[in-house]
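Undergrad: this is the structure alone, sequence omitted:
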């Protein structure tokens with residue numbers, strides 16, 4: 001999302017006269033450049049009418065160039081009144097050296113954060129801005145953005161509240177607070193803030209795009225599509241709006257149009273990892289694995305630690321026969337989940353989408369049912385053994401109970417550990433086998449679920465069998481069999497595995513869960 005920062009009217013900053021010359025700074029600005037206001041008082045103009053201030057630290061993309069005027073989506077500004085992002089930190093540093101102001105410190109904080117500086121540098125500027133002017137709304141807004149980047153959404157919301165109290169006409173603050181509400185799974189408040197952002201600034205493309213994404217996650221695809229198109233109308237280079245359009249066409253089963261939308265998102269913003277991820281997934285679904293792996297490699301690089309990108313790439317690597325790379329991605333997924341450090345997907349999920357994503361993470365070949373109400377997700381390790389999963393208490397309000405959310409979070413850590421262990425213990429492809437790692441991951445899955453899940457205990461038994469410790473395999477498989485309900489095919493399969501371990505043979509299955517030949521045995525493993 002853009003960083004749009006509010007301003008109060010401050011004294012004119014000391015600026016050299018050359019800054020306003022035709023060949024001075026800003027004369028090389030072209031379409032696509034990101035710019036900030038140089039000083040307080042810069043106004044957007046539509047025809048001859050002022051349409052609002054360009055707030056301190058506000059970053060906008062140049063969409064059109066007409067002589068000395070730049071169209072930034074919300075209106076026109078003159079070249080001489082803006083500074084390009086690549087010059088902004090140095091420019092405001094000079095201003096601060098000449099005369100420290102809240103405006104200059106806030107603008108430098110925004111620019112340095114955009115350029116990837118250490119967070120403490122931006123935070124230091126925000127603190128100095130507030131020391132100079134405690135009522136400077138822009139600085140409170142920047143503080144909210146900084147806290148949100150650290151996933152401290154509760155304090156971020158308070159900072160946004162203060163910015164709005166000081167200046168209720170700041171459209172982008174409503175937008176950013178909406179994302180903070182969304183990240184805390186308060187979808188209704190998020191939607192209200194997106195609505196208010198559009199009311200305050202009908203040209204705010206990011207608000208339409210965000211509202212469209214939220215509606216998409218709530219299953220309101222037609223409305224989401226309309227919002228995304230409105231966002232593109234106001235800012236054709238809004239990559240996430242193009243991604244949302246791609247999602248719509250994908251839901252409609254029109255892969256060609258979906259891929260075209262993702263391609264456009266990449267064209268306007270080569271750093272859009274979500275576009276790479278979604279296009280790679282579509283290529284994968286259509287069997288175009290070589291195209292898919294190119295996109296998914298980019299997605300992993302652009303979104304480090306993103307679970308969805310790693311999972312999609314692990315599957316594609318497997319299909320391409322790159323077992324070692326596929327296994328490495330699976331291990332990375334398990335370790336991220338174990339550490340609980342995996343970043344949230346771009347534009348944090350709504351509660352129902354959060355649960356859906358957990359279902360999808362039961363493995364490349366796991367089974368999950370449509371989650372329209374009460375839901376059961378099944379682990380791939382014991383076929384149809386049903387695992388306890390959260391239910392959506394209210395499909396209309398999209399609210400989850402705290403207990404359901406806690407369970408969902410736990411399963412989001414445990415299931416990847418179990419799946420990685422199962423693959424390392426039972427794969428018919430010897431390149432995946434690693435008994436020691438399987439025991440390590442399966443043990444942790446069992447510990448995290450307090451040894452109450454037969455599916456995970458079943459995995460631990462398989463891990464011990466692969467490691468050659470058949471006494472432990474028999475012990476834990478017997479425990480799993482004891483815990484499973486009577487007269488089910490799942491229990492029968494578990495009992496068959498128990499007999500296998502008693503014969504000192506490991507269990508093997510192919511990637512579709514079908515029994516496979518044990519490479520160390522003379523007969524089929526059945």
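TA: All right, it came through fine. Worth saying up front: this structure is predicted, and the values here are computed from it rather than measured.
Undergrad: show me where the chain has its strands.
TA: Applying DSSP state E to the chain gives strands spanning 34-37, 43-46, 49-53, 60-61, 64-66, 69-71, 76-78, 82-84, 367-368, 377-378, 386-387.
Undergrad: quick one: residue 334 from residue 311, how far?
TA: 11 Å (C-beta to C-beta, to the nearest Å). Backbone N, C-alpha and C define where each C-beta goes, glycine included.
Undergrad: likewise for residue 70?
TA: 42 Å.
Undergrad: so residue 474 sits against residue 498, correct?
TA: Yes: assessed by C-beta atoms under 8 Å, residue 474 is found in contact with residue 498 at 6.8 Å.
Undergrad: ok so, going back, who's more crowded, residue 70 and residue 311?
TA: residue 70 (25 against 21; other C-beta atoms under 10 Å).
Undergrad: the closest residue to that one other than its chain neighbours - how many residues pack around it?
TA: Leaving aside its chain neighbours, residue 70 sits nearest to residue 62 (5.0 Å; criterion: C-beta to C-beta, 6 or more residues apart in numbering). Residues lying near residue 62 (other C-beta under 10 Å) number 21.
Undergrad: where do the helices sit along the stretch 51-200 of the chain?
TA: Ranges of helices in the stretch 51-200 of the chain, per DSSP state H, counting those that start in this stretch, are 85-98, 102-114, 119-132, 137-149, 153-166, 171-183, 187-200.
Undergrad: for the fourth one, which positions count as buried?
TA: This means helix 137-149. 137-148 (16 or more other C-beta atoms under 10 Å).
Undergrad: which of the strands of the chain has the lowest mean pLDDT?
TA: Mean pLDDT per stretch puts strand 367-368 lowest among the strands of the chain, at a mean of 26.
Undergrad: show residues contacting stretch 189-202.
TA: 52, 74, 169-172, 174-175, 177-179, 181-182, 204, 207-208, 210-211, 214 (C-beta atoms under 8 Å, 6 or more residues apart in numbering).
Undergrad: PyMOL command for the buried members of these?
TA: In PyMOL, a selection of the buried entries from these looks like this (16+ other C-beta under 10 Å):
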select buried, resi 52+74+170+171+172+174+175+177+178+179+181+182+204+207+208+210+211+214
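Undergrad: shaky segments in the stretch 401-526 of the chain?
TA: 401-413, 510-526 (pLDDT under 70).
Undergrad: count of residues packed around residue 115?
TA: 13.
Undergrad: who are the contact partners of it?
TA: 85, 89.
Undergrad: report pLDDT for residue 322.
TA: The model's pLDDT for residue 322 equals 84.
Undergrad: could you check how far the residue nearest to residue 70 is from residue 205?
TA: 14 Å.
Undergrad: same thing with residue 460?
TA: From residue 460 to residue 205 the distance is 51 Å (C-beta to C-beta).
Undergrad: OK, contacts around residue 89?
TA: 108, 111-112, 115, 117.
Undergrad: columns distance to residue 414 and pLDDT on top of those, output as a markdown table?
TA: Below are the contacts of residue 89 laid out as a markdown table (distance: C-beta to C-beta, whole Å; pLDDT from 0 to 100):
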| residue | distance to residue 414 | pLDDT |
| --- | --- | --- |
| 108 | 44 | 93 |
| 111 | 42 | 90 |
| 112 | 39 | 89 |
| 115 | 39 | 76 |
| 117 | 37 | 62 |
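Undergrad: buried among these? Need that as a selection in ChimeraX.
TA: Buried members of the contacts of residue 89, defined by 16+ other C-beta under 10 Å, are picked up in ChimeraX with:
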select :108,111,112
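Undergrad: returning to what we had before: any shared contact partners between residue 474 and residue 498?
TA: Between them, residue 474 and residue 498 share the contacting residues residue 461, judged by C-beta under 8 Å, 6+ apart.
Undergrad: all helices for the stretch 201-350 of the chain, in order.
TA: Using DSSP H, counting those that start in this stretch, helices in the stretch 201-350 of the chain cover 205-217, 221-234, 239-251, 255-268, 273-285, 289-302, 307-319, 323-339.
Undergrad: which of those helices has the lowest mean pLDDT?
TA: helix 323-339 (a mean of 79).
Undergrad: buried sites along it?
TA: For helix 323-339, the buried set under the neighbour-count rule, 16+ other C-beta under 10 Å, comprises 325-327, 329-338.
Undergrad: helices and strands around it, which ones?
TA: helix 307-319, helix 402-426, helix 435-448 (3 or more C-beta pairs under 8 Å, 6 or more residues apart in numbering; DSSP states H and E).
Undergrad: a markdown table for those helices, including distance to residue 42?
TA: What follows is these, written out as a markdown table (distance: least, C-beta to C-beta, whole Å):
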| stretch | distance to residue 42 |
| --- | --- |
| helix 307-319 | 39 |
| helix 402-426 | 44 |
| helix 435-448 | 54 |
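Undergrad: out of the ones you listed, flag the one nearest residue 122.
TA: Ranking the helices and strands packed on helix 323-339 by proximity to residue 122 (C-beta to C-beta) places helix 307-319 first, at 27.0 Å.
Undergrad: relative to helix 323-339, how tilted is the closest one?
TA: Angle of helix 307-319 versus helix 323-339, following axes from the mean of the first three to the mean of the last three C-alpha atoms, to 10 degrees, is 160 degrees.
Undergrad: report the distance from helix 307-319 to the chain centre.
TA: Relative to the chain's own centre, helix 307-319 is displaced by 16 Å; criterion: C-alpha atoms, centre = their mean, to the nearest Å.
Undergrad: which other helices and strands does it contact?
TA: helix 273-285, helix 289-302, helix 323-339.
Undergrad: so for it, what gets flagged as buried?
TA: Quick answer for helix 307-319 (16+ other C-beta under 10 Å): 307-318.
Undergrad: one more: stretch 425-440?
TA: Applying a neighbour-count criterion of 16+ other C-beta under 10 Å, one finds 425-429, 432-435, 437-440 buried in stretch 425-440.
Undergrad: again with stretch 180-195
TA: Judged by neighbour count using 16+ other C-beta under 10 Å, the buried positions of stretch 180-195 are 180-183, 185-187, 190-191, 193-194.
Undergrad: how long is that stretch from one end to the other?
TA: Taking C-alpha to C-alpha, to the nearest Å, stretch 180-195 runs 15 Å from one end to the other.
Undergrad: got the contact list for stretch 260-267?
TA: Contacts for stretch 260-267 (C-beta under 8 Å, 6+ apart): 239-240, 242-243, 245-246, 249, 272, 274-276, 278-279, 282.
Undergrad: please pick the buried ones from those.
TA: For the contacts of stretch 260-267, buried by 16+ other C-beta under 10 Å: 239-240, 242-243, 245-246, 249, 272, 274-276, 278-279, 282.
Undergrad: okay if I get the residues you listed as JSON lines plus distance to residue 445?
TA: JSON lines is the format used below for the buried ones among the contacts of stretch 260-267 (distance: C-beta to C-beta, whole Å):
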{"residue": "239", "distance to residue 445": "37"}
{"residue": "240", "distance to residue 445": "35"}
{"residue": "242", "distance to residue 445": "39"}
{"residue": "243", "distance to residue 445": "33"}
{"residue": "245", "distance to residue 445": "39"}
{"residue": "246", "distance to residue 445": "35"}
{"residue": "249", "distance to residue 445": "38"}
{"residue": "272", "distance to residue 445": "34"}
{"residue": "274", "distance to residue 445": "29"}
{"residue": "275", "distance to residue 445": "34"}
{"residue": "276", "distance to residue 445": "31"}
{"residue": "278", "distance to residue 445": "30"}
{"residue": "279", "distance to residue 445": "33"}
{"residue": "282", "distance to residue 445": "32"}
